[in-house]
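return a 3D structure for these sequence lines:
(one chain, ligands or ions: 1)
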Amino acid sequence: MALLNIEELSVVYGGAIDAVSNVSLKVEEGTMVALLGSNGAGKSSTLKAISGTLEFERGEITTGDVQFDGGSVRAVKAHQRARAGLIHVREGRHVFSGMSVEDNLIAAGFAVGKRGSAPGRAEIDRIYEYFPRLGERRHGLAGFLSGGEQQMLAIGRALISQPRMMLVDEASLGLAPMIAEDIFRIMAEINRETGLSILVVEQNVGLTLKHASYAYILENGRVVLEGTPDDIGGRDAISAIYLGAAAKAAANPAHIGG
Ligand code: ATP
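Model prediction:
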């Protein structure tokens, strides 16, 4: 059975804006899966529904179900999902800029850790092994890190609690191609070495298809293409995204440029 199973999920904002319509997807345990699409396709909304940031209870999710580890998490709050091992790295590199790199990791471990205590030395050092740049800057303020290093720290904060599944929203956004490649290479390495399941949301098709084993392409809140990178091919994936974006811009010129 898949670790994450989404069935016929719909997200509506303010009772009027259909952001996600009947999306079904799954992530098998130990795999790295991609959710691709242009601006406004519904990628972030899907992730937010999975992590519990958007709720059934508040009417933001109108149809469908989210199943994690064999059971529905419809009624499970976001912080409880995180404690159960379903962790969300939000778009925008959320770190505490006034705290050191290491204190950021400790605080994240405290917040989500199963034991309700600070993470141990070995757990922190494990993050530095994956991201040596963070180790070099462990005593520096997170606010002084480069964009790429802040993204690494945001991922490190998610990893410190040793989750079973990590949801990552636009890790490559605004980063130099080499840094984005580094981050994806390391995520793929963690996926292979530890069996951590990963669902990444991305606009960068080429980079993502190099590392993911399966991909879904969203357009206007719907899955328009899915398959292995070989099945869908980089070119098909890019044209699906491009055509969707172009159709959206034609329908609503105000949206040109996102
Ligand atoms: P991006 O890459 O630009 O973040 P995305 O694929 O992640 O795009 P979403 O952010 O999920 O897309 O947005 C899907 C649709 O829902 C868009 O039309 C967007 O304008 C709308 N939307 C997103 N958040 C809200 C909100 N809080 N209130 C109203 N509409 C929203």
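
does the ligand sit close to stretch 92-106?
No - using Cβ under 6 Å from any ligand atom, no contact is recorded between stretch 92-106 and the ligand, whose separation bottoms out at 10.0 Å. For every residue, glycine as well, the C-beta is placed using N, CA and C.

tell me the contacts of the residue nearest to the spatial centre of the chain?
The C-alpha lying nearest the average C-alpha coordinate of the chain belongs to V168 (Cα atoms, centre = their mean; 1.8 Å). Contacts for V168 were tallied using Cβ atoms under 8 Å, 6 or more residues apart in numbering; they are 89, 155, 158, 187, 198-201.

among the residues you listed, name the buried ones.
Neighbour counting by 16 or more other Cβ atoms under 10 Å classes 89, 155, 158, 187, 198-201 among those as buried.

of the residues you listed, which is the nearest to the ligand?
If you rank the buried ones among the contacts of V168 by distance to the ligand using Cβ to the nearest ligand atom, V201 comes first, at 6.5 Å.

the residue nearest to the centre of the chain bridge partners, please.
Here V168 sits in beta bridges with V89, V200, going by DSSP bridges.

so for it, what's the pLDDT?
V168 carries a pLDDT score of 97 in this model.

what secondary structure does Q150 sit in?
Assigned state for Q150: helix (three-state reduction, DSSP: H, G, I helix; E, B strand; the rest coil).

for it, give me its contacts.
When contacts are counted by Cβ under 8 Å, 6+ apart, Q150 touches 93, 95, 142.

is it true that A107 touches M99?
Yes - with contacts defined as Cβ atoms under 8 Å, A107 counts as touching M99 at a distance of 6.8 Å.
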